[in-house]
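S.K.: Any chance you could fold what I've pasted below:
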Amino acid sequence: LTLLAHAEEDVLADFMPAVAKGELVLSAALSETSSDDPRDTGVTAVKDGENWRLDGSKQLVGAGQHAARILVPARVDGQGLGLFLLDPAGSGVVLGEQEATSGEIRSSLDLSGAVVDHRSALGPADGKAVADLVRFSLAGLCATEAGVVARAVRMTADYTSTREQFGKPVASFQAVAQRAADAFGDLEAIKLATWYAVSCLDRGEAADEALAVAKYWASEGGHSAVYACQHLHGGTGVDIDYPLHRYYLWSKQIELTLGGAEFHLASLGKMLAAG
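M.R.: Below is the predicted model of the structure:
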């Protein structure tokens with residue numbers, strides 16, 4: 001979506017047909033150790049003739065080892081924030097292997113004079129392309145979290161309905177039912193906030209406030225829900241071989257990616273204060 005909005009037609013012709021067929025993977029490098037905000041990047045870009053040279057480092061690049069190109073935000077001296085379509089196999093690029101909280105293999109990205117041709121700079125360095133990339137990425141994270149939490153809640157409902165204590169399903173106990181209901185409420189809040197944010201993006205409306213609300217619920221509500229699901233499974237919930245553990249770790253990773261609940265609550269407060 002970011003490419004469609006900001007790339008030149010010849011760049012789209014080079015990549016989009018293969019992407020649409022599932023033959024080519026694109027990724028984005030948005031995480032750094034110094035900040036939760038991809039727009040606060042330490043990566044720099046300088047002009048070198050018609051091309052650009054990028055320096056800096058990124059962490060936890062999704063599918064970095066499979067990507068044909070990686071979108072990299074970079075600070076352009078004297079201009080602003082630009083977005084560059086980087087070839088990870090190009091000169092000046094070193095990919096490392098990292099294991100995320102979820103167990104997924106991701107990539108570190110170290111850039112030392114990495115060359116990006118002039119066609120692969122997406123629009124002017126005015127920050128708009130990066131802002132769009134962040135919006136789409138936040139929406140994707142929230143939607144994924146909705147699915148992760150939904151699966152954890154369903155597993156918990158099934159487990160507590162069949163696990164018996166004192167001759168009765170534990171789901172019939174008031175404390176268990178109330179805890180499960182709270183988890184379901186958190187799930188519905190994630191889904192509602194996410195669908196609203198996505199609908200704003202779809203209509204081309206301002207979506208930053210809605211995305212901050214959605215990511216807050218994905219982080220805060222997601223954590224609360226999967227923690228409750230793990231607790232309601234009793235000892236089974238802490239068994240790392242049991243499938244629920246996968247969803248707990250996956251949710252924790254999403255919770256902290258591109259800023260946690262406090263970060264987005266503070267961002268929302270700044271937007272509201274600015275009017």
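
S.K.: drop to CA atoms for contacts and neighbour counts, all remaining ones
M.R.: Fine.

S.K.: Tell me where the protein has strands.
M.R.: Using DSSP state E, the strands of the chain run over 26-28, 44-48, 51-61, 69-76, 80-86, 93-99, 105-116, 164-165, 168-169.

S.K.: Turn the ones you listed into TSV, including mean pLDDT, mean neighbour count and distance to residue 273.
M.R.: Shown next, in TSV, are the strands of the chain (pLDDT from 0 to 100; neighbours: other CA atoms under 10 Å; distance: least, CA to CA, whole Å):
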stretch	mean pLDDT	mean neighbour count	distance to residue 273
strand 26-28	97	20	31
strand 44-48	95	17	31
strand 51-61	97	21	32
strand 69-76	97	24	27
strand 80-86	97	23	24
strand 93-99	96	16	39
strand 105-116	97	20	36
strand 164-165	89	12	51
strand 168-169	94	13	49
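
S.K.: which stretch among those comes nearest residue 124?
M.R.: Closest approach to residue 124 among those (CA to CA): strand 80-86, 6.6 Å.

S.K.: Between strand 105-116 and the closest one, find me the angle.
M.R.: 110 degrees (axes from the mean of the first three to the mean of the last three CA atoms, to 10 degrees).

S.K.: got the contact list for strand 80-86?
M.R.: 39, 69-76, 115-116, 120-127, 129-130 (CA atoms under 8 Å, 6 or more residues apart in numbering).

S.K.: try 7 Å this time
M.R.: 69-76, 116, 120-122, 124-127, 129-130 (CA atoms under 7 Å, 6 or more residues apart in numbering).

S.K.: can you check stretch 176-186 too?
M.R.: 153, 170, 171, 221, 222, 224, 225, 228, 232.

S.K.: do stretch 240-252 as well
M.R.: 101, 102, 145, 148, 152, 222, 223, 226, 237.

S.K.: In that stretch, which residues are buried?
M.R.: For stretch 240-252, the neighbour count (16 or more other CA atoms under 10 Å) marks 244, 245, 246, 247, 248, 249, 250, 251, 252 as buried.

S.K.: Which members of the residues you listed are the farthest-apart pair?
M.R.: Using CA to CA, the buried residues of stretch 240-252 span at most 12.6 Å, a distance reached by 244 and 252.

S.K.: okay, the strands of the chain in a markdown table with distance to residue 20 next?
M.R.: Shown next, in a markdown table, are the strands of the chain (distance: least, CA to CA, whole Å):
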| stretch | distance to residue 20 |
| --- | --- |
| strand 26-28 | 11 |
| strand 44-48 | 30 |
| strand 51-61 | 21 |
| strand 69-76 | 15 |
| strand 80-86 | 18 |
| strand 93-99 | 25 |
| strand 105-116 | 23 |
| strand 164-165 | 49 |
| strand 168-169 | 48 |
